[in-house]
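Engineer: Need a 3D model of the following:
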Amino acid sequence: MTIHDKILVVEDDRSILKLIKTILTTESFEVLTAQTGAEALSVIHSHCPDLIILDLCLPDMNGNEIIQSVRKWSQLPIIVLSALSREQEKVDALENGADDYITKPFSAGELVARTRVALRHTRIMLKDPVRFSAKGLLIDYDRHTVEVNGEPVHLTQNEFRILVLLSKHSGKVLTYDFIIRTLWGPRADSNNQILRVNMANIRRKIEENPAKPVYIFTEAGVGYRMLESD
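Structural biologist: Numbering: from 1, shown residues only. Below is the predicted model of the structure:
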């Protein structure tokens, strides 16, 4: 018997809900649905989905409230799918604990790809890997070494810590504030200039063309996203 991942889609627009369900069902996912926040929380607790696709604008509550509620007890992946496209709205959702943010209108291919990335990332995190590998980039967490196409890369301690944090959340957007707080503590200066300088140095060392990165991508005004592991 084949066990399929259960995806909970929380969306109050019936036509969009039907479209998402059709897309995911075609890709062999089991799809649960909810049209209100209260219904979503009930389904989450009763059916334990493997991933949530969440609209922020619901008739009874803001989607961020659902994210905050889930994050009190679970790290199950949450992808926000919303028409709200301002940078601050994306930052707020990600800071509250969302794993990814897709802006409407969306393509079926993007939705399926990001869903699979989020599910794979969760499984990798549960395995507590000792290394990261993607397109010739190899990070060995235990040995504290980095290689690109077999050649050693010399990073400073801060550069290595940033690279490790991003790689352990590969495929997920990490906000500037999350990176700063995680690496330098909750009282660290929220000014991200030092982070930007470190990132420029990292890209200069690992990217063939820092202006066109293949490993670490910038989500403008939000943060950084690492290429998913092989």
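Engineer: low-confidence ranges in this protein?
Structural biologist: 1-3, 124-129, 186-190 (pLDDT under 70).
Engineer: In space, not sequence, find me the middle residue of it.
Structural biologist: The centroid of the chain falls nearest to residue 172 when counting by C-alpha atoms, centre = their mean (2.4 Å).
Engineer: All the strands of this structure, residue numbers only.
Structural biologist: Ranges of strands in the chain, per DSSP state E, are 6-10, 30-34, 51-54, 78-82, 100-103, 131-134, 137-140, 145-148, 151-153, 173-175, 216-219, 223-226.
Engineer: just checking, which of those sits deepest inside the structure?
Structural biologist: Compared across those, strand 51-54 shows the largest average neighbour count, a mean of 26 (mean count of other C-beta atoms under 10 Å). The C-beta positions use only the backbone N, C-alpha and C, and glycine is treated the same way.
Engineer: Could you break the chain into its assigned domains?
Structural biologist: Taking automatic domain parsing as the reference, the chain has its domains at 6-126, 130-226.
Engineer: hey, where'd the helices end up in the protein?
Structural biologist: 14-26, 37-47, 63-71, 87-96, 108-127, 157-168, 176-184, 193-206 (DSSP state H).
Engineer: Help me confirm that residue 90 comes into contact with residue 101.
Structural biologist: Yes - contact criterion C-beta atoms under 8 Å: residue 90 and residue 101 qualify, at 4.8 Å.
Engineer: joint contacts of these two?
Structural biologist: Here residue 90 and residue 101 have 80, 173 as joint contacts, going by C-beta atoms under 8 Å, 6 or more residues apart in numbering.
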